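K.L.:
pasting the sequence and the predicted coordinates here, then a few questions.
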Amino acid sequence: MAATSIPKFHNDPGVETIEIGSQTFECIGATAPYDHPHIYLDMSAENEIVCPYCSTHYTYNQALAPNMANPTACGKH
């Protein structure tokens, strides 16, 4: 069985919208110790979603790799 990883994103810069390259991901809010409960989000066909904890607006950008974000500082590597 192959291991798969779900990308994690945060909003340390405090931007309103983050473009990401995956429609299924984990929002952690901010990096520790300021993170919120880690929540798995699925955009489905909408191509956008708002995190119910931190209100960050995520949009899907198919030009980005699955673990990449714009701004790049919002990706957790």
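P.N.:
Cool, the structure landed.
K.L.:
every contact and neighbour count from this point should use C-alpha atoms.
P.N.:
Will do.
K.L.:
so where's the chain uncertain?
P.N.:
Low-confidence segments of the chain, defined by pLDDT under 70, span residues 1-3, 77.
K.L.:
just the strands in it please.
P.N.:
For the chain, applying DSSP state E gives strands covering 8-9, 17-20, 24-27, 39-42, 48-50, 57-60, 69-70, 75-76.
K.L.:
dump these to a markdown table, plus mean neighbour count and distance to residue 33.
P.N.:
Formatted as a markdown table, the strands of the chain follow (neighbours: other CA atoms under 10 Å; distance: least, CA to CA, whole Å):
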| stretch | mean neighbour count | distance to residue 33 |
| --- | --- | --- |
| strand 8-9 | 24 | 15 |
| strand 17-20 | 22 | 21 |
| strand 24-27 | 20 | 14 |
| strand 39-42 | 14 | 16 |
| strand 48-50 | 17 | 22 |
| strand 57-60 | 20 | 21 |
| strand 69-70 | 20 | 21 |
| strand 75-76 | 18 | 14 |
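K.L.:
grab the nearest non-local neighbour of residue 6.
P.N.:
The spatial neighbour of residue 6 that comes closest, neighbours along the chain excluded (CA to CA, 6 or more residues apart in numbering), is residue 25 at 5.5 Å.
K.L.:
OK, contacts around that neighbour?
P.N.:
Counting by CA atoms under 8 Å, 6 or more residues apart in numbering, residue 25 touches 6, 7, 8, 9, 40, 41, 42.
K.L.:
same thing but 7 Å
P.N.:
With contacts defined as CA atoms under 7 Å, 6 or more residues apart in numbering, the neighbours of residue 25 are 6, 7, 8, 40, 41, 42.
K.L.:
so which of those residues comes closest to residue 56?
P.N.:
Within the contacts of residue 25, distances to residue 56 taken as CA to CA reach their minimum at residue 41, with 11.7 Å.
K.L.:
would you check that the closest one makes contact with residue 24?
P.N.:
Yes - distance between residue 41 and residue 24: 5.8 Å, which falls inside the contact criterion (CA atoms under 7 Å).
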